[in-house]
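K.L.:
sequence and predicted structure, then a few things I'm wondering about:
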Amino acid sequence: MTARAADRARYDRATAHLDAPVAIVDLEAFDANADDLVRRAGGKPIRVASKSVRCRTLLERVLDRDGFAGIMSFTLAESLWLARSGFDDVLLAYPSADRKGYAELTADPKLAAAVTVMVDDPAQLRLIDEAREGGTEAVRVCLELDTSLKLFGGRVRVGALRSPLHSPAQVAEMARAIGRAPGFKLVGIMAYEGHIAGVGDAISGRPLRSRAVRLMQATARKELAQRRAEVVRAVRAVEPDLEFVNGGGTGSVQHTAAEDAVTEIAAGSGLYVPRLFDNYTSFSGRPAALFAQPVVRRPGVGVVTVLGGGYPASGAAGADRLPVPYLPEGLSYDPQEGPGEVQTPLLGSPADDLLIGDKVWFRHAKAGELCERFDTLHLVEGDTVTASVPTYRGEGHTFL
């Protein structure tokens, strides 16, 4: 029996009492992935990206482990909810226009001490001030550095369109703008290198593209390490008491941790290891989060149909954004239909061994987005479900 076949047998036994659709997290794999992130971080603390987990129980579990400290959140409403739930170090990774949330933040000393918000434009400071409604608490702010690689005089850009702050001078000027604005305290810098951390460099069947990605990433790492150090020096000249410099992502943990200017690493997807992280040379993890759909039809030889399953992930539309049938091995989508809103045909010889009601296990393309589909995660240890815990959705929260 292969390791994957053994996993399938365990998951089927563990969830025999549960009807599909059902989502699980294999805690042995989850903990092993957490250990690997800590090893790669080389002693620098890892701030957990909540958008990749979206389950308070699992956030608490990983933050109880040595090597992890703090949360990187994705909306202001989520940040305030987490702070009220007892998480005392929450960095909001994206600028917000949530005026109601800012009014709550600036009116509550506990929330203001626990939550740091992201800015990259003086207009965002003005929006916060206009939203205060009498709130007088100082707002902790973090500056985001644009990490994109610009080539040929800026005519070619590689990287996400995020912050407008690219050069040390631009970031330092924004730091001075914060210093001139009463009611704000600059505490950190964040730089997420998505083109390095979030792009696979070992693409199956595409050796030339893989080589090109590795060359791009090596060039981008070198350029960013130098520029990030210059940015940190420029900002510390304005605000010497900077508390943290955050960088990284699951795919670049060890490279970013090697930079002296970086004080902490951001990661989250590496805990679940969704399918988008199968194509990396920098690390290999164990799939920890899966979902199962039930077989509801047997249309013919070599075909079964499962209920639902059309759960595409965000990003540019493409086959890499689709879940993949994982267990039993050897199933694939019908190219005429793909994963459907209500039903999904699956092709392959393993289909002939599946009965009505059997489970087919899938892996989602991106980590936490699976939790937007399920209100419960069943935590598996060995061949037993030892707990069933709510996702954000299960607690009544869909923040985006």
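P.N.:
All right, it came through fine.
K.L.:
next secondary structure after the helix or strand bottoming out on mean pLDDT in the chain?
P.N.:
Within the chain, no helix or strand scores below helix 194-197, which has a mean of 72 by mean pLDDT, DSSP states H and E. Next along the chain after helix 194-197, taking DSSP states H and E as the criterion, comes helix 207-238.
K.L.:
same for that following helix, what does it pack against?
P.N.:
strand 149-151, helix 168-180, strand 184-192, helix 194-197, strand 244-248 (3 or more CB pairs under 8 Å, 6 or more residues apart in numbering; DSSP states H and E). All C-beta spots, glycine's among them, are computed from the backbone N, C-alpha and C.
K.L.:
how about stretch 367-380: buried residues?
P.N.:
The neighbour-count check on stretch 367-380 (16 or more other CB atoms under 10 Å) flags 367-374, 376-380 as buried.
K.L.:
dump these to TSV, plus secondary structure, distance to residue 161 and pLDDT.
P.N.:
Below are the buried residues of stretch 367-380 laid out as TSV (DSSP: H, G, I helix; E, B strand; the rest coil; distance: CB to CB, whole Å; pLDDT from 0 to 100):
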residue	secondary structure	distance to residue 161	pLDDT
367	coil	22	95
368	helix	22	95
369	helix	20	96
370	helix	26	96
371	helix	26	97
372	helix	24	96
373	coil	28	96
374	coil	31	98
376	strand	36	98
377	strand	33	98
378	strand	38	98
379	strand	37	98
380	strand	39	98
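K.L.:
quick one on the thing from earlier: run through who's touching the least confident helix or strand of the chain.
P.N.:
Helix 194-197 is touched from outside by 147-149, 158-160, 216-217, 220-221, 224, 248-253, 255-256, with contacts defined as CB atoms under 8 Å, 6 or more residues apart in numbering.
K.L.:
give me the distance between that helix and the centre of its chain.
P.N.:
On the basis of CA atoms, centre = their mean, to the nearest Å, helix 194-197 sits 12 Å off its chain's mean C-alpha point.
K.L.:
compare the mean pLDDT across the helices and strands packed on helix 207-238 and name the weakest.
P.N.:
The stretch with the lowest mean pLDDT among the helices and strands packed on helix 207-238 is helix 194-197, at a mean of 72.
K.L.:
coming back round to it: buried subset of the contacts of helix 194-197?
P.N.:
147-149, 158-159, 216-217, 220-221, 224, 248-253, 255-256.
K.L.:
now the element after the longest strand seen in the chain, going C-ward?
P.N.:
Under DSSP state E, the strand in the chain containing the largest number of residues is strand 289-300. Using DSSP H and E, the next helix or strand after strand 289-300 towards the C-terminus is strand 303-307.
K.L.:
put the alpha carbons of that next one into PDB.
P.N.:
Taking Å, rounded to 0.1, in the frame of the first residue of the first chain, the C-alpha atoms of strand 303-307 are listed here in PDB:
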ATOM      1  CA  VAL A 303     -16.600   7.300 -14.500                       C
ATOM      2  CA  VAL A 304     -18.100   8.400 -11.300                       C
ATOM      3  CA  THR A 305     -19.900  11.600 -10.400                       C
ATOM      4  CA  VAL A 306     -19.400  13.400  -7.100                       C
ATOM      5  CA  LEU A 307     -21.600  16.000  -5.500                       C
END
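K.L.:
kindly reformat the buried residues of stretch 367-380 as a markdown table containing distance to residue 99.
P.N.:
Below are the buried residues of stretch 367-380 laid out as a markdown table (distance: CB to CB, whole Å):
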| residue | distance to residue 99 |
| --- | --- |
| 367 | 30 |
| 368 | 26 |
| 369 | 27 |
| 370 | 31 |
| 371 | 27 |
| 372 | 25 |
| 373 | 30 |
| 374 | 31 |
| 376 | 33 |
| 377 | 33 |
| 378 | 38 |
| 379 | 38 |
| 380 | 42 |
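K.L.:
residue 387: which of those is nearest?
P.N.:
Of all those, the one with the least separation from residue 387 (CB to CB) is residue 379, at 4.5 Å.
K.L.:
that closest one and residue 78, how far apart?
P.N.:
22 Å (CB to CB, to the nearest Å).
K.L.:
ditto for residue 334
P.N.:
Residue 334 is 37 Å from residue 78, by CB to CB.
K.L.:
more neighbours: the two, which one.
P.N.:
Higher neighbour count among residue 334 and residue 78: residue 78, with 21 against 15, using other CB atoms under 10 Å.
K.L.:
surely the more buried one is in contact with residue 53?
P.N.:
No: counting by CB atoms under 8 Å, residue 78 sits too far from residue 53 to count as a contact (11.5 Å).
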